[in-house]
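**Student:** what follows is a protein structure lacking sequence information:
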């Protein structure tokens, strides 16, 4: 949303157009539903209702021999065919990597699409936007699988502060992004325009439509009045849907390993994931992968009510580690107060907040720091952007 292939986001351009074929193991096949692209916004199916025309006889994986089926019709076969050829000629290895990467997210996204009765092709948007990298960040500041900008994410209740950026929380960001797409659809009554607005913004697209009354997306594209990236965005999306919806026939390998299973554990204190990993045996990489919204390797204070996702196989071990009161789950350094020190100065020096210093030093009076007194400073390790 905050950027596009042609704008050169932080990820490799055509490599983003990968990955949703793995969703097909969880998605029910559907045939073309013309109503979904009609100008009548009331045609949007209600939540939990499958589009009309479902054919249970179709093979569920659409890998090689099945008929091509879509819920968003493809209007210009020649144009989309050219985009398909261009995508297949570029970055096949990267496409495969994206397919593999999507495995951990497919169940969440397919469930959300099914519950809302939305076109299944929308499962491919994270491939275009981020290459299915939950911690992807664009040069313009869009973040997460769905590349949400701050001003887009905020109305949907996503938290973005010192501790968390929930644009990287897969479940919450998926719900927010699909809600945004539904909102766009309610405005324009057309999935092509809804997708275009997801790329360039409702304000920009509505301004273009006011200057070109009666035009649909394809007419606007033909007139050359859309931003270049938006003019390419929708056909690229449709081409990606064609390839990734039938990955086997295009020579992409589908992995059918089940997605990772997670347990959620409510936390009552800050926890350093490095120490928790050593104490419980849960791989640190898995703890980080399950909690991409964290800005640090440390979970938020207890007031956040944060629920830590851990690999299901390590749930009991993590619970046991957390239950051990003698075991420190956060590392500290000791600061000896010198003349002129303030808690604010310490917060800047050690890159932690004043409230967090106070949380671990309740007896310290910030207005009367005693020279030589010892102050515990929690160590907040930064995490990589990968």
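**Tutor:** On my side now, so go ahead. Predicted model only: the values in this text are computed from it and were never measured.

**Student:** quick one: residue 113 from residue 122, how far?
**Tutor:** Residue 113 sits 6 Å away from residue 122, taking Cβ to Cβ, to the nearest Å as the criterion. All C-beta spots, glycine's among them, are computed from the backbone N, C-alpha and C.

**Student:** higher neighbour count, those two?
**Tutor:** residue 122 (26 against 21; other Cβ atoms under 10 Å).

**Student:** wait, what's in contact with that one?
**Tutor:** The contact partners of residue 122, by Cβ atoms under 8 Å, 6 or more residues apart in numbering, come to 113, 178, 181.

**Student:** now do the shared contacts for residue 113 and residue 122.
**Tutor:** residue 178.

**Student:** flag the shaky bits of this structure, pLDDT-wise.
**Tutor:** In the predicted model, the chain carries pLDDT under 70 at residues 2-70, 384-386.

**Student:** that one - how does it break down into domains?
**Tutor:** 5-250, 262-323, 332-378 (automatic domain parsing).

**Student:** what's the closest of the ones you listed to residue 256?
**Tutor:** domain 5-250 (6.3 Å; Cβ to Cβ).

**Student:** quick revisit: among the contacts of residue 122, name the ones in helices.
**Tutor:** 113, 178, 181 (DSSP state H).

**Student:** could you find the closest non-adjacent residue to the spatially most central residue of the chain?
**Tutor:** The centroid of the chain falls nearest to residue 145 when counting by Cα atoms, centre = their mean (2.6 Å). Closest residue to residue 145 in three dimensions, ignoring its sequence neighbours and counting by Cβ to Cβ, 6 or more residues apart in numbering: residue 126, at 4.1 Å.

**Student:** does anything pack onto the helix or strand encompassing that neighbour? Which helices or strands?
**Tutor:** If you go by DSSP states H and E, residue 126 is part of helix 125-130. Helices and strands touching helix 125-130, by 3 or more Cβ pairs under 8 Å, 6 or more residues apart in numbering; DSSP states H and E, are helix 228-244.

**Student:** please redo it, this time with the cut-off set to 10 Å
**Tutor:** Judged by 3 or more Cβ pairs under 10 Å, 6 or more residues apart in numbering; DSSP states H and E, helix 125-130 is in contact with helix 92-101, helix 106-116, helix 170-188, helix 191-200, helix 228-244.

**Student:** buried ones in the helix or strand following that helix?
**Tutor:** Beyond helix 125-130 on the C-terminal side, the first helix or strand identified by DSSP H and E is helix 150-153. When neighbours are counted by 16 or more other Cβ atoms under 10 Å, the buried residues of helix 150-153 are found to be 152, 153.

**Student:** what of stretch 200-213?
**Tutor:** Quick answer for stretch 200-213 (16+ other Cβ under 10 Å): 200, 201, 202, 205, 208, 209.

**Student:** and what of stretch 335-355?
**Tutor:** Going by neighbour count (16+ other Cβ under 10 Å), the buried part of stretch 335-355 is 335, 337, 341, 343, 346, 347, 350, 352, 353.

**Student:** now distance to residue 219 and secondary structure too, for the residues you listed, in JSON lines please.
**Tutor:** Formatted as JSON lines, these follow (distance: Cβ to Cβ, whole Å; DSSP: H, G, I helix; E, B strand; the rest coil):
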{"residue": "335", "distance to residue 219": "65", "secondary structure": "strand"}
{"residue": "337", "distance to residue 219": "69", "secondary structure": "coil"}
{"residue": "341", "distance to residue 219": "66", "secondary structure": "coil"}
{"residue": "343", "distance to residue 219": "61", "secondary structure": "helix"}
{"residue": "346", "distance to residue 219": "61", "secondary structure": "helix"}
{"residue": "347", "distance to residue 219": "56", "secondary structure": "helix"}
{"residue": "350", "distance to residue 219": "58", "secondary structure": "helix"}
{"residue": "352", "distance to residue 219": "55", "secondary structure": "coil"}
{"residue": "353", "distance to residue 219": "52", "secondary structure": "coil"}
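
**Student:** so, if you compare those residues, which one comes nearest to residue 168?
**Tutor:** Using Cβ to Cβ, these come closest to residue 168 at residue 353, 20.2 Å.
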